[in-house]
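# just to be clear, the model below is a prediction. Sequence and coordinates:
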Amino acid sequence: MLDLSQGLADIVARNGDGIVRIESGCRGGGSGLVWAADRVVTAAHLLEDDTVRVGLPDGRSVEAKVLGRDEGTDVALLGLDGEKLVPPARVGLDDAKVGHLTISLARPGKTVRAALGMIGTLGEAFRARGGGKIDRYLQPDGGIPAGFAGGALFDLHGRVLGLNTPALHPEAGLTIPTTTLERVVAEIAAHGRVRRGYFGVGVAPVRLPGALSQKYGQHGAAIVVAIEPGGPSEKGGLVLGDVLLSIDGQVVEGPRELSALLEGRIDVDVHVKLLRAGAPTEATVHATARPLISGGVEECPRAEARGTDGR
């Protein structure tokens with residue numbers, strides 16, 4: 001036990017400088033993970049504006065620019081001019097197992113804080129409420145302690161497993177795995193956001209009757225309940241009440257599947273099979289990049305990651 005205790009203290013000592021404080025108006029008290037010498041990754045729901053202040057381990061508070069954010073995965077990338085920070089080592093989840101001990105580091109105040117736990121749940125990829133793809137489902141037991149949002153989860157080798165956030169799941173705090181962070185940060189660095197295919201529709205899940213389910217080999221589909229005027233779907237001839245069965249030959253069982261299939265389909269024609277008034281028909285929709293969402297930052301005290309359907 002003494003060896004374990006000393007080992008945990010060593011992890012904090014080695015990696016504490018890789019965790020910073022995020023100061024963003026009345027939501028302050030969040031944390032961020034040093035990603036590169038002049039880059040910090042944090043939870044997007046912590047941010048109010050395009051500029052924030054970051055509390056560094058040496059006690060300084062410096063201004064940082066929000067280079068981009070993805071509310072679908074609750075990831076934001078910050079830039080700090082002229083800084084020479086040292087990022088902690090990162091590792092994937094290939095060797096991670098339920099029951100492995102972990103340590104979470106955060107800096108909601110001027111000093112680093114630590115919380116010991118273990119991997120409580122480790123599952124397959126899933127799509128968050130906001131439409132973002134999370135490569136693995138990783139949940140620390142006990143959830144995310146208060147003030148630890150935007151901080152990092154470490155293994156006992158002192159390597160980052162992911163970024164902690166309470167905003168992706170309505171009931172439990174989760175850790176965004178490093179593989180997801182790598183992918184999202186690369187997209188944000190290149191485009192200022194994660195670009196997702198956009199249909200300009202609102203859809204709801206619908207269950208196919210027995211005969212149709214058997215005929216098309218699927219239990220559910222997505223019914224169009226709203227269409228953006230002048231958007232891709234209206235231009236492609238979709239109408240309210242259309243039941244989307246598949247796009248480009250891939251089955252659409254519901255809204256989440258549609259969001260997943262649209263990811264990466266940008267500025268391309270998408271072939272849609274659908275039912276209209278019970279009769280099969282087809283359409284071609286030119287998917288575009290999802291437009292930026294502006295305005296509407298909610299007031300204190302706490303912000304949930306805003307749900308966007310990615311469609």
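Okay, I see it. Numbering: from 1, shown residues only.

# okay, now A186: neighbour count?
12 (other C-beta atoms under 10 Å). To be clear about C-beta, it is placed using only N, CA and C from the backbone, and glycine gets the same treatment.

# what about it, which SS state?
At A186 the chain is in helix, as set by DSSP: H, G, I helix; E, B strand; the rest coil.

# and it, what's its pLDDT?
Note on A186: pLDDT of 95.

# where's it relative to S259, distance?
20 Å (C-beta to C-beta, to the nearest Å).

# quick one: the helices in the stretch 101-250 of the chain?
178-191, 210-216, 232-235 (DSSP state H, counting those that start in this stretch).

# for the second one, buried residues please.
Residues of helix 210-216 classed as buried: L212, Y216 (neighbour count, 16 or more other C-beta atoms under 10 Å).

# how far is it from where the chain is centred?
Averaging C-alpha positions (C-alpha atoms, centre = their mean, to the nearest Å) puts helix 210-216 35 Å from its chain's average.

# and that helix, what does it pack onto?
For helix 210-216, not one helix or strand is in contact under the criterion 3 or more C-beta pairs under 8 Å, 6 or more residues apart in numbering; DSSP states H and E.

# now with 10 Å, please.
strand 220-227, strand 243-247, strand 268-276, strand 279-289 (3 or more C-beta pairs under 10 Å, 6 or more residues apart in numbering; DSSP states H and E).

# could you pull up the mean pLDDT of it?
92.

# low-confidence ranges in the stretch 51-200 of the chain?
130, 170 (pLDDT under 70).

# so this protein: which segments form each domain?
1-195, 197-289 (automatic domain parsing).

# got a list of what the nearest residue to S213 once chain neighbours are set aside touches?
Of all residues not flanking S213 in the chain, H219 sits nearest, at 5.4 Å (C-beta to C-beta, 6 or more residues apart in numbering). Counting by C-beta atoms under 10 Å, 6 or more residues apart in numbering, H219 makes contact with R207, L208, G210, L212, S213, V251, E253, G254.

# from those residues, which single one is nearest P87?
Among the contacts of H219, G254 lies closest to P87 (C-beta to C-beta), at 38.5 Å.

# correct me if wrong: that closest one contacts R207.
Yes - G254 lies in contact with R207 (C-beta atoms under 10 Å); the separation is 9.3 Å.

# thinking again about what came up before, out of the domains of the chain, deepest packed?
Most buried of these, by mean neighbour count (mean count of other C-beta atoms under 10 Å): domain 1-195, with a mean of 19.

# now do it: distance to the chain's middle.
Counting by C-alpha atoms, centre = their mean, domain 1-195 comes out at 12 Å from the chain centroid.

# how long is it end to end?
48 Å (C-alpha to C-alpha, to the nearest Å).

# low-confidence ranges, the stretch 201-311 of the chain, go.
292-311.

# quick one on the thing from earlier: TSV please, covering the helices of the stretch 101-250 of the chain and showing distance to A279.
Listed next are the helices of the stretch 101-250 of the chain as TSV, based on distance: least, C-beta to C-beta, whole Å:
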stretch	distance to A279
helix 178-191	40
helix 210-216	11
helix 232-235	19
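
# which single one of the contacts of H219 is nearest to K110?
G254 (46.6 Å).

# quickly note the distance from the nearest residue to G120 once chain neighbours are set aside to I223.
Nearest in space to G120, with sequence neighbours left out and distances taken as C-beta to C-beta, 6+ apart, is D141 at 3.3 Å. Distance, D141 to I223, by C-beta to C-beta: 39 Å.

# ditto for D74
Taking C-beta to C-beta, one finds D74 at 28 Å from I223.
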